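> One predicted model, sequence on top.
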Amino acid sequence: MSETQPTNIPRTTILTELALVPLPDEEGDFQTITTLEDVRDDVFSAIAALPGYTASVDSRGRRDAGIILLLGEIAHQAILNKDLIIEICNAGAAAIGLLAKQGHIKRIEVTLEDESIIIDEPDKVTAQRLLDTWEAKHPGKATDLSSSSTMRITGMVSKT
């Protein structure tokens with residue numbers, strides 16, 4: 001006899017991975033690495049203050065600042081329909097908004113299902129605008145999303 005979970009019990013899911021990396025021409029610069037760690041700490045603290053989300057840092061033994069995982073609880077029924085993309089975009093827009101407040105972020109790239117977009121005006125990103133931009137560049141890809149889909153946001157950090 002198999003047990004099934006009721007569809008209304010939320011489960012914690014990784015919605016967004018937020019990677020902070022130095023600009024390519026500043027990779028070995030000590031001041032940039034220090035700035036990157038400061039930005040990571042500020043963003044991590046700000047995510048902790050966002051209602052409905054939790055964060056953890058996944059460093060996996062790398063020498064960079066690691067990846068901030070933005071976790072959210074979503075209901076099982078959201079996993080089964082297009083509400084999932086809205087939850088992912090809400091988390092993505094929240095993360096991008098936090099990056100926009102950091103003075104050292106020079107470029108933001110968003111990747112979902114191996115398809116990328118560049119965010120030109122991060123201070124104006126909403127979940128709907130993020131979804132519209134992604135769908136305009138990658139028509140029909142939203143239907144490919146599943147409960148294992150995670151948005152990856154890469155913020156390129158500079159010491160200046």
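Here it is on my side, so go on.

> So residue 153 is in contact with residue 109, correct?
Yes. Under the criterion of C-beta atoms under 8 Å, residue 153 makes contact with residue 109 at 7.4 Å. Glycine gets a C-beta too; all of them are placed from N, C-alpha and C.

> So the two - more neighbours on which side?
residue 153 (27 against 15; other C-beta atoms under 10 Å).

> Assign a three-state SS to the more buried one, would you?
Three-state assignment for residue 153 (DSSP: H, G, I helix; E, B strand; the rest coil): strand.

> That one: what's it in contact with?
By C-beta atoms under 8 Å, 6 or more residues apart in numbering, the contact list for residue 153 reads 16-19, 92, 95-96, 99, 108-111.

> From residue 157, how far off is the nearest residue to residue 127 once chain neighbours are set aside?
Spatially, and ignoring its direct neighbours in sequence, residue 127 is nearest to residue 89 (4.0 Å; C-beta to C-beta, 6 or more residues apart in numbering). According to C-beta to C-beta, to the nearest Å, residue 89 and residue 157 sit 23 Å apart.

> Comparing the two, which residue is more hemmed in?
residue 89 (27 against 24).

> What count of nearby residues applies to residue 22?
21.

> From residue 110, how far out is it?
19 Å.

> do residue 151 as well
Taking C-beta to C-beta, one finds residue 151 at 6 Å from residue 110.

> And for residue 54?
Taken as C-beta to C-beta, the span from residue 54 to residue 110 is 21 Å.

> for residue 87, same thing?
For residue 87, the distance to residue 110 - C-beta to C-beta - is 15 Å.

> Which of these two has more residues huddled nearby?
residue 110 (24 against 20).

> That one bridge partners, please.
Note on residue 110: beta-bridge partners by DSSP bridges are residue 117, residue 153.

> check contacts around it.
92, 96, 116-119, 130, 134, 151-154.

> thinking again about what came up before, name the residues contacting each of residue 151 and residue 110.
In contact with both residue 151 and residue 110: residue 92, using C-beta under 8 Å, 6+ apart.
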